[in-house]
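Peer 1: Prediction below, plus the sequence it came from.
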Amino acid sequence: MAGEIYFPNEIGCTDEQITVMDDNTVLFRPAFARGVVQANNFGGPRLTLQRIMQVNNSDDRSKLFAFLAAVRGKQRPFWSTVNYKMRGAFASAELLTNNFLRSGTTGWSATSGAISNYAAILRAISSSTVQFGATDSPGSLTSGYAYAARAAIIVGKNGGNWTCGPDLTDNLSVSATSYSNGSGVKTAVLTATGTGTGTFGVYANPGTVASGDFFDIWMASVSRCFLVDGANQSGSSLNVKAIQPASTNGLLYPGDLVEINGELKICTAPLSSDGSSKGFLIFEPEMVASPPDGAAIVVVNPMSKWVAASDPVITNQYGLYAQVQIQMEQVY
C-alpha cells in the first residue's frame with residue numbers, strides 16, 4: 001500500500017491551531033553594524049497544524065483510525081487542507097453530491113464489476129479483465145469553464161499491475177484523465193467544450209487486470225478551477241487564465257487559499273478577471289516548483305502534502321466515539 005494517502009478532512013475538527021514555521025530563513029547580524037540584519041530565505045515559511053478532532057460516529061472512527069494506521073507514524077506523506085471559509089466570489093460549490101462517500105453508494109454506479117461502501121470508503125471491484133471502476137455525475141458542465149476532477153485512491157489487490165485515476169468527460173465526449181501507478185490524490189483538468197451533463201469516473205486501466213482486483217476511493221471531487229497561463233513561472237505570483245466569469249472583481253480575497261501544483265498558497269491580494277478571463281494571482285509562500293502551463297489552480301478543498309510531526313493521541317470514549325489529537329507539518 002505504498003504511496004501518499006488522504007487525510008479525512010470531512011471528519012469534524014473542533015480546534016485547529018496553525019503555526020507559520022520559518023525554518024528556511026538565515027539571519028546574519030554583523031558585529032560592527034548594529035541594527036543591520038541581513039537575511040537569506042530558502043523558499044519561505046511552511047505551515048504546521050495541531051488538530052483536535054471529535055469523532056462522533058462509528059464510520060468516522062473507523063476511517064480515521066485506518067488513516068492513522070496507514071500513515072505509518074511519521075513515515076508516509078498525506079494530503080490535507082486547512083479548515084477555513086473562502087471569502088471571494090469564485091464558484092466554490094462541490095459538484096458531486098456524495099464526494100466524501102458518507103451516504104453509502106448513493107449517486108455512484110459500477111463499471112465492469114461491483115462497488116461497495118464500508119466506513120465511508122468506496123471500493124471498486126473488477127469482474128473481468130477490462131477497465132473497471134466507479135462513476136458519478138457532476139451535473140451540467142459549462143462550455144469554456146475549467147474543472148478539476150480529483151480522487152484520493154488507495155490501490156488494493158494487484159494494484160501494481162495497472163494504472164488508475166479520475167476521468168471527467170463533457171457532453172461532447174471530450175475527456176481529461178490522470179492515470180498513474182499507485183495510491184495518491186490524483187487530479188485531471190478539463191475545459192468543457194460544450195454545455196450539458198458530464199460524467200465523472202475513477203477507473204483502473206487494463207494492464208493485467210484480473211477478476212477480483214480492487215481499489216478504494218477515500219474522496220472524490222469535481223469543481224470549478226482556473227489555470228496557469230504560461231510555463232516557467234516562478235516566485236510568489238502567477239499569470240492565470242480560464243477565470244470565469246470574465247470582467248469580475250473580488251473572485252478571491254486576501255487570506256483565501258489555493259492549491260498550485262500540489263502546493264498550498266495563501267492569497268495576499270485580491271484576484272480579478274479581465275475581459276479575456278485572465279488575471280494575476282499574488283500569494284505566499286513562493287512556489288517550490290514551476291507549474292506547467294494549463295495546470296489547475298484548485299479553489300475548492302485545496303490541499304498540500306504533510307507529514308505527522310508527533311505521535312497522535314487518541315482518547316477512546318466507550319469504544320464508539322473518540323477524540324484524536326494530531327500534529328502535522330507541511331512538506332513539498
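Peer 2: Noted; the coordinates are in hand.
Peer 1: hey, where'd the helices end up in the protein?
Peer 2: Secondary structure of the chain (DSSP state H): helices at 58-70.
Peer 1: low-confidence ranges in it?
Peer 2: Per-residue confidence of the chain (counting by pLDDT under 70) places the weak regions at 1-2, 23-44, 319-320.
Peer 1: what residues go with each domain of it?
Peer 2: Taking automatic domain parsing as the criterion, the chain consists of the domains 5-81+306-331, 109-224, 226-302.
Peer 1: Wait, D229 touches D293, no?
Peer 2: Yes: counting by C-beta atoms under 8 Å, D293 is a contact partner of D229 at 7.1 Å. For the C-beta atoms, the positions are set from N, CA and C on the backbone; glycine is no exception.
Peer 1: Serialize the domains of the chain to JSON lines and add fields for distance to A89 and mean neighbour count.
Peer 2: What follows is these, written out as JSON lines (distance: least, C-beta to C-beta, whole Å; neighbours: other C-beta atoms under 10 Å):
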{"stretch": "domain 5-81+306-331", "distance to A89": "20", "mean neighbour count": "15"}
{"stretch": "domain 109-224", "distance to A89": "12", "mean neighbour count": "20"}
{"stretch": "domain 226-302", "distance to A89": "5", "mean neighbour count": "18"}
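Peer 1: Of all these, which one is nearest S92?
Peer 2: Comparing the domains of the chain against S92 with C-beta to C-beta, the closest turns out to be domain 226-302 (5.6 Å).
Peer 1: any chance you could map the strands in the stretch 51-200 of the chain?
Peer 2: 78-80, 109-111, 113-118, 121-126, 132-136, 140-141, 146-155, 164-169, 175-177, 184-191, 196-197, 199-204 (DSSP state E, counting those that start in this stretch).
Peer 1: Strand partners (parallel or antiparallel) of the second one?
Peer 2: Sheet pairing of strand 109-111 (DSSP bridges) gives strand 132-136 (antiparallel).
Peer 1: quick one: contacts of the strand it pairs with?
Peer 2: Contact with strand 132-136 is made by 96, 98, 107-113, 115, 122, 124-126, 164, 199-204, 209, 213, 215, 217, 220, as judged by C-beta atoms under 8 Å, 6 or more residues apart in numbering.
Peer 1: Hey, what's the angle from it to strand 199-204? Just curious.
Peer 2: With axes from the mean of the first three to the mean of the last three C-alpha atoms, to 10 degrees applied, the angle from strand 132-136 to strand 199-204 works out at 160 degrees.
Peer 1: Apart from its chain neighbours, what residue comes closest to N249?
Peer 2: Ranked by C-beta to C-beta, 6 or more residues apart in numbering and with sequence neighbours excluded, the top spatial neighbour of N249 is S272, at 4.4 Å.
Peer 1: so what's that neighbour up against?
Peer 2: By C-beta under 8 Å, 6+ apart, the contact set of S272 is 248-251, 279.
Peer 1: If we use 10 Å, what do you get?
Peer 2: Residues in contact with S272 (C-beta atoms under 10 Å, 6 or more residues apart in numbering) are 88-89, 243, 247-252, 279-280.
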